[in-house]
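K.L.:
Fold the following.
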Amino acid sequence: MREMQKMQKQTQKGLQKARPLPAGLGVGAALTARGAQTRLKAERVQAELQRMPGWKLAANGGAIARVRHLGSPTGAADYASFVLRQAARRGQPLGVDVSGSHVALTLYTHSASGGPGGITEALLAFAEALG
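P.N.:
Next up, the predicted model:
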């Protein structure tokens, strides 16, 4: 339980450092207003991922993924719930898979047409905040 609380505090600090959405704008408008929905070039994505331990480009190239190992299945479930709440607050789509004491996270974006949107600054900022 202490490990989970420590991880939540670290993640909260990371999320507090992340750039907030402008007040009064919907998630999509706010991200577009900041240019955060612009798909990043592959070289930039690779450079950013090198400074984010644990995060890797997914096989399809349109998402990033990470597996976190927690001390217990309960800790893993608590962490997954925490991440889901943070993602919902930011309007960040993600996939979560909990297996025993492991949590697999996959972060991705959607384009305006509903298809894959590629890797954006907002997506990387959220991943960095999660650690």
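K.L.:
low pLDDT regions in this protein?
P.N.:
Scanning the chain for pLDDT under 70 picks out 1-36, 111-116.
K.L.:
can you do 50?
P.N.:
Screening the chain residue by residue with the criterion pLDDT under 50, one finds the ranges 18-35.
K.L.:
Quick check: the gap between R90 and R44.
P.N.:
R90 sits at a distance of 21 Å from R44 (criterion: CB to CB, to the nearest Å). Backbone N, C-alpha and C define where each C-beta goes, glycine included.
K.L.:
of these two, who's got more company?
P.N.:
Each of R90 and R44 had its neighbours counted (other CB atoms under 10 Å), and the higher figure belongs to R90 (21 against 13).
K.L.:
quick one, helices of the chain?
P.N.:
Listed in chain order, the helices found in the chain under DSSP state H are 2-17, 27-33, 42-50, 73-90, 121-130.
K.L.:
is it true that G117 touches L40?
P.N.:
No: taking contacts as CB atoms under 8 Å, G117 lies outside contact range of L40: 10.7 Å.
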